[in-house]
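A.B. asks: Below are the sequence and a predicted model; questions follow.
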Amino acid sequence: MVYIIETTQTTHWKGYAMIDINDLQAGKAGEYLVCADLILRGYVAFPSEQGLSFDVVLVANNIIYKIQVKTTRKLQPVPQRKIRTDKYLFHVRRCGKGGRRSYFEGEVDIFALVALDTKMIGYISSNVAKQTMFFLPESGNVTTKKSTCRKLSECKLEDVL
């Protein structure tokens, strides 16, 4: 049995503070969550080898997809003109240690965006991914029709296959 205890400081899982995990551990957790999600949907999916431009290999409809996983631990404060809002922040198009370079065309087919605090996963096609992307929490409301911010749950795998 897994217990999740929410506090104002951090999310705890089995007694460990998620904030205590390093970037590599957070990234690996995101990769394995994506693999589990895909396998439970009935697809063939597995982690790729280290050093490649993608993290997960997906086989769907006899097509091989290269998936790059981007993981964030929790909501981040985003200053706005009137009020501050908390959103999930992903630096999608950057790769390498410290985000030194951008992905080349064809290196990645799909980006999987993982929010570790809620274990929510959104999938977007690489051809629509922006450099930096913000997503509202599931409880957030879109206040304007012009808002480009979406929720991760609106980014469905079926829409990118």
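C.D. replies: Looks like it came in fine. Residues are numbered from 1 along each chain as shown.

A.B. asks: Quick check: E154 touching G122?
C.D. replies: Yes. Under the contact definition of CB atoms under 8 Å, E154 touches G122, with a separation of 7.3 Å. Just so you know, the C-beta spots here come from the backbone N, C-alpha and C atoms, and that holds for glycine as well.

A.B. asks: more crowded one of these two?
C.D. replies: The neighbour comparison of E154 against G122 (other CB atoms under 10 Å) goes to G122, with 23 against 11.

A.B. asks: Dig out what the residue nearest the centre of the chain forms beta bridges with.
C.D. replies: For the chain, L113 is the residue whose C-alpha lies nearest the centre (CA atoms, centre = their mean; 1.6 Å). Taking DSSP bridges, one finds K70, G122 as the beta-bridge partners of L113.

A.B. asks: Test my guess that it contacts I124.
C.D. replies: Yes. Counting by CB under 8 Å, I124 is a contact partner of L113 at 6.9 Å.

A.B. asks: Give me the common contacts of those two.
C.D. replies: 92, 133, 155 (CB atoms under 8 Å, 6 or more residues apart in numbering).

A.B. asks: In these, which has the lowest confidence score?
C.D. replies: Within these, pLDDT reaches its minimum at V92, with 88.

A.B. asks: give the contact list for that residue.
C.D. replies: Under the criterion of CB under 8 Å, 6+ apart, the contact list for V92 reads 70, 111, 113, 124, 129-133.

A.B. asks: one more time with 7 Å
C.D. replies: Applying CB atoms under 7 Å, 6 or more residues apart in numbering, one finds that V92 lies in contact with 70, 111, 129-133.

A.B. asks: for N61, same thing?
C.D. replies: Contact analysis of N61 by CB under 7 Å, 6+ apart lists L161.

A.B. asks: Look up how far L75 lies from it.
C.D. replies: N61 sits 35 Å away from L75, taking CB to CB, to the nearest Å as the criterion.

A.B. asks: Same question for E107.
C.D. replies: 29 Å.

A.B. asks: These two - which one has more neighbours?
C.D. replies: When neighbours are counted by other CB under 10 Å, L75 comes out ahead of the other of E107 and L75, with 18 against 14.
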